[in-house]
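J.: model this:
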Amino acid sequence: MLNNLRNIGIIAHIDAGKTTTTERILYYTGKTHKVGETHNGQSVMDYLPYEKERGITITSAATTCYWKNCQINIIDTPGHVDFTAEVERSLRVLDGAVAIFCAKGGVESQSETVWRQADRYQVPRIAYINKMDSTGADFFRVVGQIQKVLGANPLILTLPVGTGEGFIGIIDLLKMKYFVWTGQIGAKIVEQDIPAAQQELANTYRLQLLETLAETDEELLELYCSNEPIPEALLLRVIRTNTIEGNLVPVLCGSSYKNIGVQPLLDAAVNYLPSPLEVPAMKAMNLDGDSVTITSDSDQDLTALIFKIITDRHAGKLAFVRVYSGRLESGSYVWNASAERKERIGRLLKMHANHREEATAIEAGDIAAIIGLKDVATGTTLCSEEHPVLLESIEFPEPVIQIALSPLARADQGRIAEALAKLADEDPTFKVSVNAETSETIISGMGELHLEVITERLRREFQVEAHLGRPQVAYKETITRQADGECKFVKQTGGRGQFAHVKLAVEPADDFEFINRIVGGAIPREYISAVEAGVREALEEGPVKGYPVVNVKVTLLDGAFHEVDSSELAFKAASKLAMKDALNRAKPQLMEPIMKLEITTPDEFTGSIISNISSKRGRLESMETNHHTQVIRGLVPLAELFGYSTAIRSLSQGKAAFSMQFSHYEKSNVHNIHAS
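T.: Numbers count the residues shown, from 1 in each chain. Model prediction:
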């Protein structure tokens with residue numbers, strides 16, 4: 001029953017406790033019989049060797065469990081900024097999410113990033129403030145940050161009793177009861193009366209809860225104003241409606257590591273997060289370009305989206321799929337709308353991290369993996385051949401760092417190219433190119449850790465040893481003023497010649513835009529696409545240092561053609577040369593990636609760290625005091641942050657921690673940059 005299905009993701013900043021929470025969920029739902037811990041490399045969800053060694057999630061892992069007659073499909077996502085694409089593609093296919101916050105760290109940089117990603121896909125969320133047993137934990141400070149920094153409307157459903165080492169249980173504001181956890185790994189919950197010391201606080205927040213909900217529901221408002229008892233079922237219904245509509249974010253607390261608060265979190269996922277029937281219908285386009293609505297119904301035509309690709313040494317290509325409507329059967333044929341070809345479904349697998357369970361069919365609302373598809377990538381739409389539709393694909397950020405890579409053994413050149421192609425097929429934020437001047441292979445990604453993991457996978461999974469060059473920044477170029485460009489391309493040979501005349505203008509813009517202003521047939525319509533192709537090719541290599549050119553509006557103004565000698569090739573060449581002429585006149589400038597830097601440091605090192613940020617061409621954004629530590633936030637060019645972990649350790653005697661994530665591209669005044 002679709003009503004009893006929940007597709008949810010676990011999202012958070014690194015080290016907030018996502019995987020630890022997921023491991024408890026699997027244990028309490030009976031999926032596993034032993035709790036896996038990230039700190040000793042025994043977690044079920046972090047199953048890759050490089051995840052176990054680092055103690056962090058690198059690739060999103062899917063699993064299924066059951067709670068209170070509900071099937072819960074869970075995707076545990078990474079918290080490190082270098083692997084933000086895993087969060088992006090997971091949120092694209094999920095119906096709800098649990099956002100986890102560290103009770104000490106609060107809303108951190110990646111917390112904000114994943115929250116904005118969930119906003120973009122309008123994914124309903126519940127918030128879980130974890131690590132209430134940490135020294136410096138502050139539940140109400142984090143709730144305030146959720147409201148102030150994330151712009152959400154938090155609805156407190158549970159209160160902590162004690163903090164730090166003294167954290168012993170929670171108060172449920174719906175039941176107005178106090179819960180403590182006992183037994184092996186917190187499997188037993190004891191319900192008690194609220195302690196006298198916490199009664200006033202509980203009453204205050206219960207009243208706040210009722211007032212907030214009464215504003216959104218007439219039936220509840222009437223009972224509240226009449227001072228009559230309010231049934232718990234009514235409260236649950238109103239909270240659910242507001243959560244699904246995005247008006248409120250239920251907030252719970254606990255300590256997953258100490259086995260406190262996870263079962264109420266499971267209850268909240270079932271009670272408040274939507275089933276596939278309760279989320280807005282998916283939109284797709286048919287062959288005529290018209291929008292069509294996809295309803296979550298197994299009896300409708302098939303519509304499904306490939307959201308993740310994995311290369312498996314034994315099984316080949318594994319394609320993770322979310323079925324929105326219809327039914328997928330093992331051995332059947334489907335239409336690949338993205339590649340416009342027929343595909344055969346080989347085997348269907350229900351995934352539990354790296355363990356697989358064969359399935360004969362999957363239906364609307366399900367998430368599973370397919371073996372046997374050939375021409376698919378992340379964002380591919382599968383549908384019925386009789387009624388082809390195309391779902392909106394998934395957008396990913398561009399890489400910001402690149403490194404030259406070469407195999408240690410010349411004989412491995414072919415193998416390394418094949419391995420890199422498979423890895424690029426898996427990861428849309430990982431790019432591979434060849435430098436035309438040096439013939440070096442250049443790999444590009446989201447950060448040093450991202451590329452480090454790629455090279456580790458080359459060694460472990462593909463048995464190819466590679467040498468890495470120095471990290472380089474993925475710069476871009478842009479223009480700063482309007483300019484014209486013109487080219488008359490004339491080439492005479494013994495027979496038929498080549499002729500094309502193109503005049504165009506360029507100007508700064510927010511994105512690439514091509515406008516055709518040709519009137520009177522100065523350039524025939526069949527050559528316009530060749531002109532645009534030449535323009536796009538010219539933008540691949542800018543005039544300053546050879547980096548891609550972005551944020552340019554190109555207007556085709558005039559031109560001429562020859563009835564015999566003109567061709568698409570001639571117009572493409574002419575527009576490319578005219579474009580290069582215009583770019584050189586438009587005062588081109590380099591753009592560099594700017595990173596959002598967040599540093600947590602003891603008070604005594606604040607001055608030296610701020611001074612260091614300034615020396616790196618950085619700008620201070622904000623500072624916040626939190627229990628004798630300072631949280632410093634700033635914007636710093638990526639070029640200045642290579643090896644920053646060593647610098648920050650030196651500045652703070654190893655006591656400061658930092659995280660960074662890509663913010664935006666900005667015009668750069670640095671001149672000593674060499675094209676890779």
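J.: which residues does stretch 637-653 contact?
T.: 400-401, 448, 471, 473, 592-595, 597, 599, 601-602, 605, 608-609, 612, 616-618, 656-658, 660, 662, 666, 668, 670, 673 (Cβ atoms under 8 Å, 6 or more residues apart in numbering). For glycine as for every other residue, the C-beta is placed from the backbone atoms N, C-alpha and C.
J.: ok, 7 Å please
T.: Residues from elsewhere that reach stretch 637-653 (Cβ atoms under 7 Å, 6 or more residues apart in numbering): 400-401, 471, 473, 592-595, 599, 601, 605, 608-609, 612, 616-617, 656, 658, 660.
J.: now, these that are in helices?
T.: Assignment to helices by DSSP state H places the following of these there: 608, 609, 612.
J.: of those, which is the nearest to residue 410?
T.: Nearest to residue 410 among the ones in helices among the contacts of stretch 637-653, counting by Cβ to Cβ, is residue 612 at 43.0 Å.
J.: helix or strand: which one has the spatially closest residue to the closest one that is not a sequence neighbour?
T.: With Cβ to Cβ, 6 or more residues apart in numbering as the criterion, residue 612 has its nearest non-adjacent residue at 5.9 Å, and that residue is residue 651. With the criterion set as DSSP states H and E, the secondary-structure element containing residue 651 is helix 644-652.
J.: buried ones in that helix?
T.: Residues 644, 647, 648, 651, 652 are the ones in helix 644-652 that count as buried (16 or more other Cβ atoms under 10 Å).
J.: one more: stretch 484-497?
T.: For stretch 484-497, using 16+ other Cβ under 10 Å, the buried residues are 485, 486, 487, 489.
J.: from these, which two are the most distant?
T.: Of all pairs drawn from the buried residues of stretch 484-497, the one with the largest separation by Cβ to Cβ is 485 and 489; the distance is 12.7 Å.
J.: tell me the contacts of residue 238?
T.: Counting by Cβ under 7 Å, 6+ apart, residue 238 makes contact with 213, 216, 217, 220.
J.: taking those residues together, which two end up most distant?
T.: Based on Cβ to Cβ, the longest span within those runs between 216 and 220 and measures 7.8 Å.
J.: these two: which has the busier surroundings?
T.: residue 220 (19 against 15; other Cβ atoms under 10 Å).
J.: how close does the residue nearest to the spatial centre of the chain get to residue 294?
T.: Central residue check for the chain by Cα atoms, centre = their mean: the C-alpha nearest the mean position is that of residue 88, 2.5 Å away. The span separating residue 88 from residue 294 equals 21 Å under the rule Cβ to Cβ, to the nearest Å.
J.: ok, residue 266 next?
T.: With distances taken as Cβ to Cβ, residue 266 is found 29 Å from residue 294.
J.: ok, now residue 458?
T.: Counting by Cβ to Cβ, the separation of residue 458 from residue 294 is 39 Å.
J.: pLDDT weak spots in the stretch 101-250 of the chain?
T.: In the prediction, the stretch 101-250 of the chain carries no residues with pLDDT under 70.
J.: which parts of it are helices?
T.: 109-120, 139-148, 196-214, 218-225, 232-244 (DSSP state H, counting those that start in this stretch).
J.: of the contacts of stretch 637-653, buried ones?
T.: With burial judged by 16+ other Cβ under 10 Å, the buried subset of the contacts of stretch 637-653 is 400-401, 471, 473, 592-595, 599, 601, 605, 609, 612, 616-617, 656, 658, 660.
J.: give me the number of residues near residue 394?
T.: Using other Cβ under 10 Å as the criterion, residue 394 is surrounded by 20 other residues.
J.: an error on my part: the question was meant for residue 125.
T.: Taking other Cβ under 10 Å as the neighbour definition, residue 125 ends up with a count of 26.
J.: follow-up on the earlier one: save the buried residues of stretch 484-497 as JSON lines, and put in distance to residue 234 and secondary structure too.
T.: Shown next, in JSON lines, are the buried residues of stretch 484-497 (distance: Cβ to Cβ, whole Å; DSSP: H, G, I helix; E, B strand; the rest coil):
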{"residue": "485", "distance to residue 234": "68", "secondary structure": "strand"}
{"residue": "486", "distance to residue 234": "72", "secondary structure": "strand"}
{"residue": "487", "distance to residue 234": "72", "secondary structure": "strand"}
{"residue": "489", "distance to residue 234": "75", "secondary structure": "strand"}
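J.: which non-adjacent residue is nearest residue 596?
T.: residue 663 is the one closest to residue 596 (Cβ to Cβ, 6+ apart), at 4.3 Å.
J.: I meant to write residue 478 there.
T.: Of all residues beyond its chain neighbours, the one nearest residue 478 is residue 551 (4.8 Å), with distances taken as Cβ to Cβ, 6+ apart.
J.: neighbours of that neighbour, how many?
T.: Other residues within reach of residue 551 by the criterion other Cβ under 10 Å amount to 17.
J.: dihedrals phi and psi, it?
T.: Main-chain torsions, residue 551, degrees, to the nearest 10: phi 60, psi 60.
J.: from the ones in helices among the contacts of stretch 637-653, pick the one nearest residue 407.
T.: For the ones in helices among the contacts of stretch 637-653, the nearest to residue 407 is residue 612 (37.8 Å; Cβ to Cβ).
J.: any idea how far that closest one is from residue 635?
T.: Relative to residue 635, and taking Cβ to Cβ, residue 612 is found at 14 Å.
J.: next: residue 378.
T.: 30 Å.
J.: in terms of neighbours, single out the busier of those two.
T.: Each of residue 378 and residue 635 had its neighbours counted (other Cβ under 10 Å), and the higher figure belongs to residue 378 (22 against 18).
J.: ok so, going back, any chance of the buried residues of stretch 484-497 in CSV, with distance to residue 64 too?
T.: CSV is the format used below for those (distance: Cβ to Cβ, whole Å):
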residue, distance to residue 64
485, 58
486, 62
487, 60
489, 60
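J.: and those residues, which is closest to residue 120?
T.: residue 485 (36.8 Å).
J.: list the contacts for residue 3?
T.: Residues in contact with residue 3 (Cβ under 7 Å, 6+ apart) are 275, 277.
J.: quick one: it and residue 274, what's the gap?
T.: Separation of residue 3 from residue 274 (Cβ to Cβ): 10 Å.
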